[in-house]
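Peer 1: give me a model of this one.
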Amino acid sequence: MKELVEVIAKALVDNPEEVVVTEENDGRNVTIELHVAASDMGKVIGKQGRIAKAIRSVVKAASTREDKHVDVEIV
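Peer 2: Okay, the predicted model is just below:
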């Protein structure tokens, strides 16, 4: 999941070298934190949060195969 979020985020931002993704496992629950440059925050969130919702939907679809609950937090 971490790699998936990282690939998507790097494709969206102007400064891909500043994208940092961390993953915390707690049994079936996984929390993925996405850190981007302040100037790229709007590109990752999108208008009315549409891009952020899309990222979360893709990760949720991928996580159902592994029977895990994944939360994506954009920091």
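Peer 1: pLDDT value on the residue of the chain most remote from its centre, please?
Peer 2: Here the chain reaches farthest from its C-alpha mean at residue 27, the gap being 19.3 Å by CA atoms, centre = their mean. Note for residue 27: predicted pLDDT of 86.
Peer 1: likewise for the one 4 residues further on?
Peer 2: Note for residue 31: predicted pLDDT of 96.
Peer 1: likewise for residue 67?
Peer 2: 87.
Peer 1: show me what contacts the nearest residue to it once chain neighbours are set aside?
Peer 2: In this structure, residue 67 finds its nearest non-sequential neighbour in residue 28, 7.0 Å apart by CB to CB, 6 or more residues apart in numbering. Where C-beta positions appear, they are placed from N, C-alpha and C, glycine not excepted. Applying CB atoms under 8 Å, 6 or more residues apart in numbering, we find residue 28 in contact with 67-69.
Peer 1: for the helix of greatest length in the chain, buried residues please.
Peer 2: Secondary structure of the chain per DSSP state H: the longest helix is helix 50-65. By 16 or more other CB atoms under 10 Å, the buried positions in helix 50-65 come out as 51-52, 55-56, 59, 63.
Peer 1: need the next SSE after it, C-terminal direction.
Peer 2: Once the chain leaves helix 50-65, the next helix or strand it forms, by DSSP states H and E, is strand 69-74.
Peer 1: distance between that next one and the chain's centre?
Peer 2: Taking CA atoms, centre = their mean, to the nearest Å, one finds strand 69-74 lying 7 Å from the centre of the chain it belongs to.
Peer 1: got the buried residues for that strand?
Peer 2: 70, 72, 74.
Peer 1: which among these gets closest to residue 39?
Peer 2: For the buried residues of strand 69-74, the closest approach to residue 39 (CB to CB) belongs to residue 74, at 14.1 Å.
Peer 1: need the contact list for the closest one.
Peer 2: Residue 74 neighbours (CB under 8 Å, 6+ apart): 33-34, 36, 41, 44-45, 52.
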